[in-house]
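> Turn this into a structure:
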Amino acid sequence: MLIKETPNVDNVLEIVIDDEISKDDVEALEMKMEKLKKNTDKVNFLVQFADAEGYTVKGMIQDMKAFSKHSKDVEKIALFSNTDSKWVEFSNKIDAIVPGLETKEFELGQREEALEWLQQ
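Numbers count the residues shown, from 1 in each chain. Predicted coordinates for the structure are as follows:
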């Protein structure tokens, strides 16, 4: 998993899921979130599923557990994939489970549109 801050955008973390997410990945994400939260109330995510085949149901469950600790700090998640991803479809339903969270799916070439939506 690759985590990066988005230049010129204070409240967005970009995440590229390219394999199963490790405990170290979760810890790195939490550290980046804490850093961003010093400047903003809510953190938004731009999530790309680059290799959905390496991502498992077990991994998704572990990620959801980690996310649940910080769900109150997240307002929006923009999702996209460079494959036909069942994970984007599944992740897109998170907002039905987490109150106050919005998710939206974008096409792979719509990164700028996704960033605009995350900043609204």
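> Poorly predicted segments of the protein, please.
Within the chain, the stretches falling below the threshold (pLDDT under 70) are 51-70, 82-95.
> quick check: longest helix of it.
In the chain, ranked by residue count with DSSP state H as the criterion, the top helix is helix 23-37.
> What residues sit buried inside the helix or strand that that one is followed by?
For helix 23-37, the following helix or strand on the C-terminal side (DSSP states H and E) is strand 43-49. Within strand 43-49, the residues that count as buried by 16 or more other Cβ atoms under 10 Å are Val43, Asn44, Phe45, Leu46, Val47, Gln48, Phe49. Every residue, glycine included, has its C-beta placed from N, CA and C.
> what about dumping the CA coordinates of stretch 11-21 to PDB?
Extracted in PDB, the C-alpha atoms of stretch 11-21 (Å, rounded to 0.1, in the frame of the first residue of the first chain):
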ATOM      1  CA  ASN A  11      -7.200  17.400   4.000                       C
ATOM      2  CA  VAL A  12      -6.700  14.500   1.500                       C
ATOM      3  CA  LEU A  13      -4.600  11.400   1.800                       C
ATOM      4  CA  GLU A  14      -4.100   9.300  -1.400                       C
ATOM      5  CA  ILE A  15      -3.900   5.600  -0.900                       C
ATOM      6  CA  VAL A  16      -3.000   3.100  -3.600                       C
ATOM      7  CA  ILE A  17      -3.900  -0.500  -2.600                       C
ATOM      8  CA  ASP A  18      -1.600  -2.700  -4.500                       C
ATOM      9  CA  ASP A  19      -1.600  -5.800  -2.200                       C
ATOM     10  CA  GLU A  20      -2.900  -6.900   1.100                       C
ATOM     11  CA  ILE A  21      -2.600  -4.200   3.700                       C
END
